[in-house]
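[1] build the 3D model from these lines:
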Amino acid sequence: MKSWSIGIIGLAGLAAIIAGAYSSPEVLLAAAALTAVAVGVGWPHFLGIPAKKTLAALIGLPGVGSAVAATYLPAPGFLDWTPSFMAAGVIAIFVMQLLRGTGQAQRLESTLGSCAGVLLSCLGAGWIACSRFNGVREMFLVAAISAAIALLAGLIRWPDRVVAPLGVVGAGLAGPLAGLVFSDIAVIPAAVAGGVVGAVLVSFRRLVILRGDELNFLAVLGMGLGPVSAVGSLAYFIDKLLIY
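    Residues are numbered from 1 along each chain as shown. So this is what the prediction gives:
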């Protein structure tokens with residue numbers, strides 16, 4: 001599949017999360033859990049590492065657990081269990097690699113890459129925490145709009161040296177605009193949030209370019225939803241640090 005399809009998948013996942021946030025907690029949980037599962041299934045395919053089915057479970061399940069915990073834990077500890085799920089996933093990855101035995105192909109790459117996948121899977125719970133935080137969704141909406149602008153910029157088939165700054169600047173400008181129109185968030189925190197979100201997403205676009213090879217659908221699915229998942233926790237902590 002073409003690399004631009006990653007942006008389409010990312011936009012679809014982002015739309016599902018936004019729809020879930022404005023529907024009900026259960027719908028948002030379903031969207032976050034499905035995102036975690038998709039990251040788990042697709043990430044090993046993007047990395048091109050062996051034992052893909054086993055790693056899919058070890059990457060996806062901690063993300064599902066983290067999303068469930070973020071949905072039902074009382075405030076303000078929405079993400080209190082997220083580090084535990086991350087740790088459990090990383091430990092499971094190491095145990096699995098030990099069971100594979102020495103001399104296996106791509107053992108180091110598989111271990112490090114899968115641990116990164118666990119982090120991406122679990123960070124999606126931040127969308128739930130951001131939606132629940134203070135009972136309002138102002139930063140949630142600012143981050144989502146900024147992410148959408150960065151993803152749309154990534155669809156442009158121009159050189160990365162042009163698209164990357166465009167994505168960061170576009171997201172940085174979209175943040176304050178969304179803050180002014182849809183919330184009472186000050187311009188500077190909204191601009192910081194938008195710029196950081198844009199930087200994260202265009203960085204993943206660069207990773208796809210460096211990967212170079214043709215991607216199958218599962219690889220596109222994992223790489224499209226992984227960055228969107230990561231942005232959720234980023235928005236939540238920016239909300240706590242700059243807004244609250």
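[2] just for this protein, where's the confidence low?
    1-3, 103, 135-136, 243-244 (pLDDT under 70).
[3] what about the longest helix along it, distance to the chain center?
    Using DSSP state H, we find that the single longest helix of the chain is helix 187-211. Relative to its chain's centre, helix 187-211 lies at 12 Å (CA atoms, centre = their mean, to the nearest Å).
[4] could you identify the helix or strand that succeeds it?
    helix 217-238 (DSSP states H and E).
[5] next, the buried residues of that following helix.
    For helix 217-238, the buried set under the neighbour-count rule, 16 or more other CB atoms under 10 Å, comprises 218-236, 238. C-beta coordinates here come from the backbone N, C-alpha and C atoms, glycine included.
[6] point to the residue nearest the middle of this structure.
    What sits nearest the mean C-alpha location of the chain, by CA atoms, centre = their mean, is S229, with 1.8 Å.
[7] now do the helices in this protein.
    4-21, 25-47, 52-72, 82-100, 107-123, 125-132, 138-154, 160-182, 187-211, 217-238.
[8] most tightly packed of those helices?
    helix 125-132 (a mean of 30; mean count of other CB atoms under 10 Å).
[9] quickly note the distance from the residue nearest to the centre of the chain to G154.
    Relative to G154, S229 is positioned 16 Å away (CB to CB, to the nearest Å).
[10] next: H45.
    20 Å.
[11] do G13 as well
    As judged by CB to CB, G13 and G154 stand 14 Å apart.
[12] cool, I6 as well?
    Counting by CB to CB, the gap from I6 to G154 is 8 Å.
[13] which neighbours do the two share?
    Listed as contacting both I6 and G154 by CB atoms under 8 Å, 6 or more residues apart in numbering are R205.
[14] in contact with the closest residue to A105 other than its chain neighbours, which residues?
    The spatially closest residue to A105, leaving aside those adjacent along the chain, is P50, at 6.0 Å (CB to CB, 6 or more residues apart in numbering). By CB under 8 Å, 6+ apart, P50 lies in contact with 104-106, 110.
[15] output those residues as JSON lines; include the columns distance to G195.
    Listed next are the contacts of P50 as JSON lines, based on distance: CB to CB, whole Å:
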{"residue": "Q104", "distance to G195": "41"}
{"residue": "A105", "distance to G195": "40"}
{"residue": "Q106", "distance to G195": "35"}
{"residue": "S110", "distance to G195": "34"}
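[16] closest to I149 out of those?
    S110 (34.4 Å; CB to CB).
[17] okay, now the nearest residue to the closest one once chain neighbours are set aside: neighbour count?
    Leaving aside its sequence neighbours, S110 sits nearest to I49 (CB to CB, 6+ apart; 4.1 Å). A total of 20 residues lie near I49 under the criterion other CB atoms under 10 Å.
[18] give me every residue that touches I49.
    Contacts of I49 by CB under 8 Å, 6+ apart are 55, 106, 109-110, 113-114.
[19] now the closest residue to E109 other than its chain neighbours: phi and psi?
    Spatially, and ignoring its direct neighbours in sequence, E109 is nearest to I49 (6.0 Å; CB to CB, 6+ apart). Main-chain dihedrals, I49, degrees, to the nearest 10: phi -110, psi 160.
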